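Engineer: my questions are about this predicted structure, shown below with the sequence.
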Amino acid sequence: MLKRLLVIFLLTALVGIFSLTALASPEGQTLIFGATGELRTLDPHVSVDNNAWRAIYYCYDRLVEYELGTTELAPGLAESWKVSPGGLTYTFYLRKGIKFIDGTPFNAEAVKFNFDRLLGMALAPSGTFGFIDRVDVVDGYTVNFILKEPFAPGVSAFATDQGNIVGPGVMDHEVNGDWGQDWLTEHSAGTGPFYVEEWTHGVRVVLARNDDYWGEPAKLEKVVIKYVPEAADLRMLLETGEVDIGEKLIVDQIEAMKGTPGVTVFEAPSFCCHYVYMNCQKPYLNDVRVRQAISYAVNYDGIINDLWRGTATQMRGPVPMGLVGHDDTVFQYQQDLEKAKGLLAEAGYPGGGFTLKIMHAPVIPEWRPMALVIQEGLAQIGIKVEIESYAWATLRDKLDKGDFDMSHGYWTPDYADADMFTWFWFNSENWGLAGNRSWYKNAVMDELVTRSRTEVDPDKRLGLFRGIQWIGTSDAVYLYLLQINYQIVMRDWVKGYVYNPMLLNMPNFPDMYIEK
Amino acid sequence: MNLLTYIVKRVFLIVPIVLGVLAITFLISHIVPGDAAQLMAGPRATPEIIERLRHEHGLDRPLYVQFGIYIAHVFRGDLGKSILTRRPVAADILGYFPATFELTTTALLLAIIVGIPLGIVSAVHKDKVLDQFSRLTSVIGVSMPIFWMGLLLMLVFYVRLGVLPGPGRITGASPSHITGLFILDSVLTGDWRALGDSLLNLVMPAFVLGNAVLARVVRMTRSSMLDVFGQDYIQTARAKGLIERAVVYKHALRNALIPTLTVVGLAYGELLGGAVATELIFAWPGMAHYVVRSMTSLDFPAIMGVTMVIALIYILVNLLVDISYAFIDPRIRY
């Protein structure tokens, strides 16, 4: 009997030791990420797609980085940087001894090459760096960026996906002067903690750890980004544990997953805003009182609490909460039908009596029910709303041509600066898709948003932002609806996840690990 | 006219048909409002970038010039570059097509292998329990939407029972690439694990996709069998004392097969279309995603390429069906 007990004890101890060592060393771990979106190209100088950024952000480094979990800037490939007094020159002092994944050394020439390629190819991502006039190599590890004019949010642009530094090694794969585009579509060429090992189209992207990484190496050996086009499938895979972490599920599925044992639903406010464009060039909407009346007629609580199940917050002015420059005291519209009716009467439309169209696209499934709530609210003040549904491409075309009354839309910032929600949204130079989708024009506003871009004194900038937010709200340029919560579902065994509102859909793979 | 001249004539007819299909597709995809360059450039692109892209892809030229250039390239075997993936369309299609081909062919084979015997049984036991049962199942089958049935099957056989694999084409490693058809490749390389794996993964999607066609095969076989049963020569065969099995399989079936085959040929085209829903539900890495994405983003070269390939397959399958008539029924001459 005693012998048997001893054997059992020893066996248990052995199993215990084994499982402990398994826990202590995360060597050889693979994280499976389920993604409902498929990427198109892995080239950071071509792509403007979150699904691609998820795969490549950690295959590259940037001159400056977001500090883990914050929108603050921290040193990256540049140890430090300096902005000249007039704001026209940025000087970056680079780290030494770093190599790209193909062994090419990282230095000032490589940085210059990266920006030559980005600006030379002049595709969508280059738009983020439109403020750069030229790049000068000062010495082996010092680079100067000369700006066309002072641009206050400039340094933060270097931390975005568009700021990924691509190594000059891609030129070994150049065909017909394509800057190595064909090759980089399927590979990676960065200094980051991972590199792209495999991309099987329509199936998965496999990232492997860069064992020669200059910083702290990633804990995971591999990250498999599995393409699961159907959200219902993703939910099943998360439930069975075949996928460790994944997005995007729809609101109902996430609500259901919240009760599933072994599954964690992470939720935090994001900078992604859903709002409605009101075309200021169209009859009725060209009157500020009509736009204000509409802003007073909408049932914000119904949209947020019933449709979004409380996973969103009503916007307070154009700049989202949590972003530097947001003004907490700015006016917020609430449903007040009497006030709305009064404003309509003042504008010369007592009892409403006119029709407006609102368009949406089925790609965002929440838009149609939101449009119905808006329709119902406006009906109560006598404005008839017709809801129109368009394919994404058509919707965007109409937006760009100003061929609409009202339209649903959403916006996420590229860089962590209120500029993304002010200059883009209100400058009359940006009419159409560029950002001013309400086709709004106000000379004072134009002046303010332009000055906010070039003003180098941070306090003065905040003052300008405050003014912009107040005018943008009192002029009711947009229907400021909601700021959504970011949600991601993962198994309890996934550890080390830290959310960064500037890196939506790009979990911090290098810090993550599995603890089963 | 003998069979060979007939085939040659039919093959030459493919050219004008494909040209017609391409012209229609081209016209429709260009009439739809939307700006491909705008979509390509992304949300925050400057007008200069958009203009550059429009020029680079020839989108600023008159429609007929664009079409002419496209056709000239097609005849040289160049389907152009996808606006979206920036890869050659031919390479993209080659990458995705084998998965779709494997799925649709399995689904069709399943429909034939199960459907024809079921139809025969139905006809032989007309209005009896077996007949009612097979008719009922085929009606249920044809009325269930693919997306619903797919999810339901997965919920039962993958999540609850765990007997079949979840979404995807293969669970473990893929077999070495030869044709891109996993079943064929794993047989050719002797990779039996991959063969079992991919067969298991095929079960649910092929069943769901084949289901709708199955119902039609059953009904068509049943009715044409019943039609043939009423003919004089069947009475003669029975009268001269042939056993029933010989009457059914030797005399009746061959004659009854022709309408069924026609249905099968036409159904193959529909399967290629229906595969879109099935592929999305089962995360099957076929052409569905590529097709849907190209359409929503007005990726003209990709839309044209895919349409051409599907049209070609459709034409070829129906040509094969027409040729096979001659073998099934020696009376048919071309």
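Structural biologist: Looks like it arrived, so ask away. The structure presented is a predicted model; accordingly, all values stated were derived computationally and were not measured.
Engineer: okay, CA-based contacts and neighbour counts for the rest of this
Structural biologist: OK.
Engineer: low-confidence ranges in the chain?
Structural biologist: In the absence of a named chain, this looks at chain A. Residue ranges of chain A with pLDDT under 70: A:1-27.
Engineer: if you could check chain B rather than the one you did, that'd help
Structural biologist: B:1, B:42-45, B:333-334.
Engineer: quick check: next helix or strand after the longest helix seen in it?
Structural biologist: Secondary structure assigned by DSSP state H gives helix B:192-229 as the longest helix of chain B. For helix B:192-229, the following helix or strand on the C-terminal side (DSSP states H and E) is helix B:232-239.
Engineer: run through who's touching the helix or strand just after that following helix.
Structural biologist: Per DSSP H and E, helix B:232-239 leads on to helix B:244-246 as the next helix or strand towards the C-terminus. Contacting residues not belonging to helix B:244-246 are listed as B:Arg238 [CA atoms under 8 Å, 6 or more residues apart in numbering or on different chains].
Engineer: in helix B:244-246, what counts as buried?
Structural biologist: Across helix B:244-246, burial judged by 16 or more other CA atoms under 10 Å in any protein chain shown covers no residue at all.
Engineer: over to the residue lying closest to A:Tyr296 once chain neighbours are set aside. Which of the three states is it?
Structural biologist: Spatial nearest neighbour of A:Tyr296, excluding adjacent residues (CA to CA, 6 or more residues apart in numbering or on different chains): A:Gln335 at 4.8 Å. Recorded secondary structure, A:Gln335: coil (DSSP: H, G, I helix; E, B strand; the rest coil).
Engineer: same deal with A:Leu481?
Structural biologist: Here A:Leu481 is recorded as strand under three-state DSSP.
Engineer: so what's it up against?
Structural biologist: A:Cys273, A:His274, A:Tyr275, A:Val276, A:Tyr300, A:Gln314, A:Met315.
Engineer: need phi/psi at A:Gly310.
Structural biologist: phi 70, psi 10 (degrees, to the nearest 10).
Engineer: so which bits of the stretch 51-200 of chain A are right by chain B?
Structural biologist: Applying CA under 8 Å from any CA of the partner chain, we find that the stretch 51-200 of chain A lies next to chain B at A:Ala122, A:Leu123, A:Ala124, A:Pro125, A:Gly127, A:Asp182, A:Thr185.
Engineer: report the two of the residues you listed separated the most.
Structural biologist: Farthest-apart pair in those is A:Gly127 and A:Asp182; separation 21.1 Å (CA to CA).
Engineer: burial measure for the residue of the stretch 201-350 of chain A found nearest chain B, as a count.
Structural biologist: Residue of the stretch 201-350 of chain A nearest chain B, by CA to the nearest CA: A:Gly202 (4.8 Å). When neighbours are counted by other CA atoms under 10 Å in any protein chain shown, A:Gly202 registers 25.
Engineer: go ahead and confirm it touches B:Ala288.
Structural biologist: No - between A:Gly202 and B:Ala288 there is no contact under CA atoms under 8 Å: 9.7 Å.
Engineer: and B:Pro47, how far from B:Asp185?
Structural biologist: 48 Å (CA to CA, to the nearest Å).
Engineer: do the same with B:Thr171
Structural biologist: According to CA to CA, B:Thr171 stands 16 Å off from B:Asp185.
Engineer: quick one: the residues of the stretch 51-200 of chain A next to chain B as JSON lines, columns for secondary structure too.
Structural biologist: Shown next, in JSON lines, are these (three-state DSSP):
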{"residue": "A:Ala122", "secondary structure": "coil"}
{"residue": "A:Leu123", "secondary structure": "coil"}
{"residue": "A:Ala124", "secondary structure": "helix"}
{"residue": "A:Pro125", "secondary structure": "helix"}
{"residue": "A:Gly127", "secondary structure": "helix"}
{"residue": "A:Asp182", "secondary structure": "helix"}
{"residue": "A:Thr185", "secondary structure": "coil"}
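Engineer: between those, which sits nearest B:Ile17?
Structural biologist: Checking those against B:Ile17 by CA to CA gives A:Asp182 as the nearest, at 33.5 Å.
Engineer: contacts only, for the closest one.
Structural biologist: Contacts for A:Asp182 (CA under 8 Å, 6+ apart) come out as A:Glu174, A:Val175, B:Arg86, B:Arg87.
Engineer: can you tell me which of those are in helices?
Structural biologist: Residues of these located in helices (DSSP H): none.
Engineer: among the residues you listed, who's most crowded?
Structural biologist: Counting neighbours by other CA under 10 Å, B:Arg87 leads those with 20 neighbours.
Engineer: does that residue touch B:Ile93 like I think?
Structural biologist: No - in this structure B:Arg87 lies outside contact range of B:Ile93 using CA under 8 Å: 10.3 Å.
Engineer: follow-up on the earlier one: out of the contacts of A:Asp182, which one sits closest to B:Arg76?
Structural biologist: B:Arg76 has its nearest neighbour among those in B:Arg87, at 17.3 Å by CA to CA.
Engineer: grab the nearest non-local neighbour of the closest one.
Structural biologist: In this structure, B:Arg87 finds its nearest non-sequential neighbour in B:Lys81, 5.4 Å apart by CA to CA, 6+ apart.
Engineer: may I have the phi/psi pair for that neighbour?
Structural biologist: B:Lys81 adopts backbone torsions of phi -110, psi 140, taken as degrees, to the nearest 10.
Engineer: ok, it - contacts?
Structural biologist: Contacts for B:Lys81 were tallied using CA under 8 Å, 6+ apart; they are B:Arg87, B:Pro88, B:Val89, B:Pro301, B:Ala302.
Engineer: again, 6 Å this time
Structural biologist: B:Lys81 makes contact with B:Arg87, B:Pro88, B:Val89 under the criterion CA atoms under 6 Å, 6 or more residues apart in numbering or on different chains.
Engineer: for A:Pro193, same thing?
Structural biologist: Applying CA under 6 Å, 6+ apart, we find A:Pro193 in contact with A:Cys59, A:Asn210, A:Tyr213, A:Ala218.
Engineer: A:Ala218 versus the second one, what's the distance?
Structural biologist: Plainly put, A:Asn210 is 8 Å away from A:Ala218 if you go by CA to CA.
Engineer: what of B:Leu271?
Structural biologist: B:Leu271 is 45 Å from A:Ala218, where distance means CA to CA.
Engineer: hang on, the earlier thing: mind picking the one among the contacts of B:Lys81 that's closest to chain A?
Structural biologist: Distance to chain A, by CA to the nearest CA, is smallest for B:Arg87 among the contacts of B:Lys81, at 7.1 Å.
Engineer: now, of the contacts of A:Pro193, which are buried?
Structural biologist: By 16+ other CA under 10 Å, those give A:Cys59, A:Asn210, A:Tyr213, A:Ala218 as buried.
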